[in-house]
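Below are the sequence and a predicted model for it; my questions follow.
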Amino acid sequence: MFFSIPLRRFRPFFAVLLLPLALAGCGRFSPRPHKEYVYVSARETYLRDRLAAVTNRVADVQNGERLEVLATDRRFYKVRTDKGAVGWTDDLVVIDQQTYDQFMALEKQHAHDPVVVTGVLRDESNLHIAPGRTEEHFYVLPENTKVQLLMRTSVEKPLPAQAVPVPVPLPETPKKETKKEEEKKKRDPNAPPYIPPGPPMEDWWLVRGPQGQTGWVLSRMMDIDIPQEIAGLAESQRYVAAYKLTTVDDPESKFPDGQAPEYVAVTNAWRDGLPYDFDQVRVFTWVPKHHHYELAYRERGIEGYLPVTIGSTMVNGQTEPTFSFKVATSNDVAIQLDSATTAGAARPADMKTETYRLEGDLVKKVESTGAATAPKPAAPEAKKKRGKQAREPRKRRRKQ
């Protein structure tokens, strides 16, 4: 005997069974949660399996590696590498996505900037997003890495935590200097033409690494790449840059193919925070007869700015090497800023370009009309000395 039961009595039961299936099907079309990433800013570190005093090493990660964030706990991240390893790391050895994007924007902005000069890192160095020791850093370059220098700026040197500010005394009436002291200052040719007042400063350079890594490095962490043959000819000055002008044929020299290079170099005092890049220009020429360098030209007391541009010009049917640099023509200042960061460098608003050419062993200034003039006359003392030496042979001839 069969009983007929209406289906409408089972509708609530079917609805309860079908509800989970409907929810599961709709979940396939819901948006996935946004993935969060951090990037390793240490040279190398490792992931731990848990947050505890005693942990196991899960995986090693290198500088620049991207890690997917799975969870956070205070200042720690639970992350997963591209190879699938999962572990915990400290936020002190990683940077977030926003900081990483700033570094990428800085790298893109300066990807095609002209190279002012090249340098070599003395030690392992961090590339910062802006000039300053407390600014975020990302890339870590090993020692002896060659970098391209793009722009210089100066920031206030931070005081150590234990330092106590010294009260600044009231200005006193300047003491009248004696004639000997004034003459001594005038005779010092290597003194900087201008030193700005204020707190101690330190120089930073915007550099570009071998793989395009871009960031700011403390200037004292690297050495300017200077040719070895003129490295010891700076006297008491600091080399800022050196450029090859031309070569001289000397088969007896130790240079490749007997071609001795001649250089133009710019220097300044051993002091950070100067408002200009260099205050002296020197030209070193090679003497084939004696097989050594000599100082063919020097200009002091200028306020010059990098870069120094090397070129050439035609004079009497011959190609002569030239070099140009910029000097300030007014006290107005313009700030050259990065679009990616708030960092920048102060530069004069008005500058002019000075051009010189090397004709044999003589350096002549090229005027705007294209004519060349002799370099600036030497100091009066040097004139007297040369005049005395020039008169001695005539006196000896008269005695004969």
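Sure thing, it's come through.

from here on, contacts and neighbour counts on C-alpha atoms
OK.

Could you break this structure into its assigned domains?
36-95, 97-158+192-224, 226-400 (automatic domain parsing).

Now do the buried residues in stretch 216-229.
Neighbour counts over stretch 216-229 (16 or more other C-alpha atoms under 10 Å) mark 216-219, 221-226 as buried.

Of all pairs in these, which one is the farthest apart?
Spanning the widest gap among these are Trp216 and Ile226, at 20.9 Å by C-alpha to C-alpha.

May I have the phi/psi pair for Arg43?
phi -60, psi -50 (degrees, to the nearest 10).

what about the closest residue to His292 other than its chain neighbours, how many neighbours?
In space, and not counting its chain neighbours, His292 is closest to Trp286: 5.8 Å by C-alpha to C-alpha, 6 or more residues apart in numbering. Trp286 has 22 neighbouring residues, counting by other C-alpha atoms under 10 Å.

separation between His291 and Thr285?
Distance of His291 to Thr285, given as C-alpha to C-alpha, to the nearest Å: 11 Å.

Just want to know which of the two has more residues nearby.
Each of His291 and Thr285 has its neighbours counted (other C-alpha under 10 Å); Thr285 has more, 25 against 13.

Not counting sequence-adjacent ones, nearest residue to that one?
Glu262 (5.0 Å).

now swap in Asp60 and tell me
Tyr46 (4.2 Å).

if I read this right, the one you found contacts Val58, doesn't it?
Yes. Between Tyr46 and Val58 there is a contact at 7.1 Å, judged by C-alpha atoms under 8 Å.

any weak-confidence spans in the protein?
1-33, 161-189, 331-346, 349, 368-400 (pLDDT under 70).

And what about Pro158, helix, strand or coil?
For Pro158, the assignment made with DSSP: H, G, I helix; E, B strand; the rest coil gives coil.

Now for it: which residues touch it?
Under the criterion of C-alpha atoms under 8 Å, 6 or more residues apart in numbering, Pro158 has no contact partners.

among the buried residues of stretch 216-229, which are in strands?
Per DSSP state E, strands hold the following members of the buried residues of stretch 216-229: 216-218, 222-224.

Let me have these in TSV, adding distance to Val281 as columns.
As requested, those are exported to TSV (distance: C-alpha to C-alpha, whole Å):
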residue	distance to Val281
Trp216	27
Val217	25
Leu218	24
Met222	22
Asp223	19
Ile224	16
